[in-house]
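Enquirer: any chance you could fold what I've pasted below:
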Amino acid sequence: MHIAFVSNVVYPYVTGGAEKRIHEIGSRLAAWGHDVTVYGRHFWDGPPEIMNNGMTLRAVAPEADLYSDDKRSITEALDFAARALPSLRRRLRNGEHDIVVASVFPYFPVLSTKLAALGTETPLVTTWHEVWGDYWEEYLGSLAVFGKVSERVTARTPQHPVAISGITADRLAEIGPGYDDVAVVPNGIDTEQIRTAPRPDAGYDVLFAGRLIEHKNVDLLLEAFDRVCAGRDLSLGIIGDGPEKERLESQCESLSNADAVEFLGFLDEYEDVLGHMRAADVFASPSTREGFGLTFAEAMAADCSVIAADHPDSAADEVIGDAGFLTPPNADALAATLESSLDDDSPPADPVNRAQRFDWDAVASQAETIYQRVIDSESATAEPISDATTPT
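Expert: Sure thing, here's the model as predicted:
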């Protein structure tokens, strides 16, 4: 297959989850004999077209700031969509690619990719990481209508949608016509890298890793940990940065066991995060909005007892299954689950074995199956592509 990925950001020059997914799947597909090209912004030094891990990285727009006032820049997304269109259009018309895969979100590059493919035989696959719906009101306030409309227009654009979780697939089916059986290909992890990550000199009993934003509910974790910590020699490490950091640090100062909590900030080296997971006993993240929940899979592979929030807006239950613990997102329930986990209450299933299903090799194989099936189909709706969904 000749596969084109479209993403304004390109890993490893920008290190987010969506671009890492493209890198991990794309590099494996390239190693398996497929021709892979990534169209993105010019975040690397050197010429606009380079080879990286067997893939062609092709810059169709210059480097640009991705955020404005701590929110993704609409101007940047529009600019990238406009700049990517001519190059994609020319190459798709020349038949250089059998399939084009666009990441959602932002939405506008998906729409320009579809425009580029019009009149050609190149099908469009989209990767949906989340469907925001009413969350737009929290994110944009009075401007939420524009986010909702953009999301719905993108969902109703003819495409082969792939979701990273069942919850995202279900929500996409609610706003997209005919999406009764959306394919699910999860995000992945490198289980070998996790198993061999160097441990720090001293580990924490309880660990959190993630962006410090409101729906991660780190404030609940601090409160619950403080209760459990009473009369016990325990430690909590919090890895990450974000707009909630100052508020959380202030809350921590008021805790009875503030000295048992350490904010590590953002760790530049991914292996340092993995090492802390390997050294921890419990990984706890009471986040109520997770399109997938990659840190849960990483922590399971590191043989942590994982605690996640039981919430309809989180796919945590899909990731951990019965290899971890789900708890209502309140301090009382979280404290009780923390205490039992720290007292060696093990989940029914082995977390390491559960994590193996999310290894990047398995994920890339699922993606390969779907891409080939799309290419072989007579039209964008001729054949359902959901057979490769990850088993629960």
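Enquirer: what are the ranges of the strands in the stretch 51-200 of the chain?
Expert: For the stretch 51-200 of the chain, strands defined by DSSP state E, counting those that start in this stretch occupy the ranges 55-62, 67-68, 71-72, 99-104, 124-128, 160-163, 183-184.
Enquirer: over to the stretch 201-350 of the chain?
Expert: In the stretch 201-350 of the chain, the segments counted as strands under DSSP E, counting those that start in this stretch are 206-209, 236-239, 261-265, 282-285, 305-309, 325-327.
Enquirer: want to throw those strands into a markdown table with distance to A183, mean pLDDT and mean neighbour count?
Expert: Yep, even glycine has a C-beta here, placed from its N, CA and C like the rest. Shown next, in a markdown table, are these (distance: least, Cβ to Cβ, whole Å; pLDDT from 0 to 100; neighbours: other Cβ atoms under 10 Å):
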| stretch | distance to A183 | mean pLDDT | mean neighbour count |
| --- | --- | --- | --- |
| strand 206-209 | 29 | 97 | 26 |
| strand 236-239 | 32 | 97 | 23 |
| strand 261-265 | 37 | 95 | 17 |
| strand 282-285 | 27 | 96 | 25 |
| strand 305-309 | 24 | 96 | 27 |
| strand 325-327 | 25 | 96 | 21 |
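Enquirer: quick one: which of those is nearest S250?
Expert: For the strands of the stretch 201-350 of the chain, distance to S250 was read as Cβ to Cβ. The smallest value, 11.3 Å, belongs to strand 261-265.
Enquirer: hang on, the earlier thing: most packed of the strands of the stretch 51-200 of the chain?
Expert: strand 160-163 (a mean of 26; mean count of other Cβ atoms under 10 Å).
Enquirer: need the contact partners of that strand.
Expert: Identification of contacts with strand 160-163 by Cβ atoms under 8 Å, 6 or more residues apart in numbering yields 123-128, 155, 169, 172, 176, 179, 182-185, 367, 370, 374, 380, 385.
Enquirer: again, only using 6 Å
Expert: Strand 160-163 has contacts (Cβ atoms under 6 Å, 6 or more residues apart in numbering) with 125-128, 169, 172, 182-185, 374, 380, 385.
Enquirer: between the residues you listed, which sits nearest Q356?
Expert: V185 (16.0 Å).
Enquirer: name the nearest residue to that closest one, sequence neighbours excluded.
Expert: Excluding its sequence neighbours, the residue lying closest to V185 (Cβ to Cβ, 6 or more residues apart in numbering) is Q366, at 4.8 Å.
Enquirer: in what helix or strand does that neighbour lie?
Expert: Secondary structure assignment for Q366, by DSSP states H and E: helix 360-376.
Enquirer: check which helices and strands that helix sits against.
Expert: Counting contacts by 3 or more Cβ pairs under 6 Å, 6 or more residues apart in numbering; DSSP states H and E, helix 360-376 packs against helix 17-31.
Enquirer: show me what the helix it packs on is packed up against.
Expert: Helix 17-31 packs on strand 35-42, helix 360-376, going by 3+ Cβ pairs under 6 Å, 6+ apart.
Enquirer: any idea how far it is from the chain center?
Expert: Between the centre of helix 17-31 and the centre of its chain there are 13 Å (Cα atoms, centre = their mean, to the nearest Å).
Enquirer: how far off strand 99-104 does it point, in degrees?
Expert: Computed by axes from the mean of the first three to the mean of the last three Cα atoms, to 10 degrees, the angle separating helix 17-31 from strand 99-104 equals 160 degrees.
Enquirer: now do the buried residues in helix 17-31.
Expert: Neighbour counts over helix 17-31 (16 or more other Cβ atoms under 10 Å) mark 18-30 as buried.
Enquirer: before we move on, the earlier item: can I get the strands of the stretch 51-200 of the chain in JSON lines with distance to L111?
Expert: Listed next are the strands of the stretch 51-200 of the chain as JSON lines, based on distance: least, Cβ to Cβ, whole Å:
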{"stretch": "strand 55-62", "distance to L111": "15"}
{"stretch": "strand 67-68", "distance to L111": "20"}
{"stretch": "strand 71-72", "distance to L111": "16"}
{"stretch": "strand 99-104", "distance to L111": "9"}
{"stretch": "strand 124-128", "distance to L111": "10"}
{"stretch": "strand 160-163", "distance to L111": "14"}
{"stretch": "strand 183-184", "distance to L111": "21"}
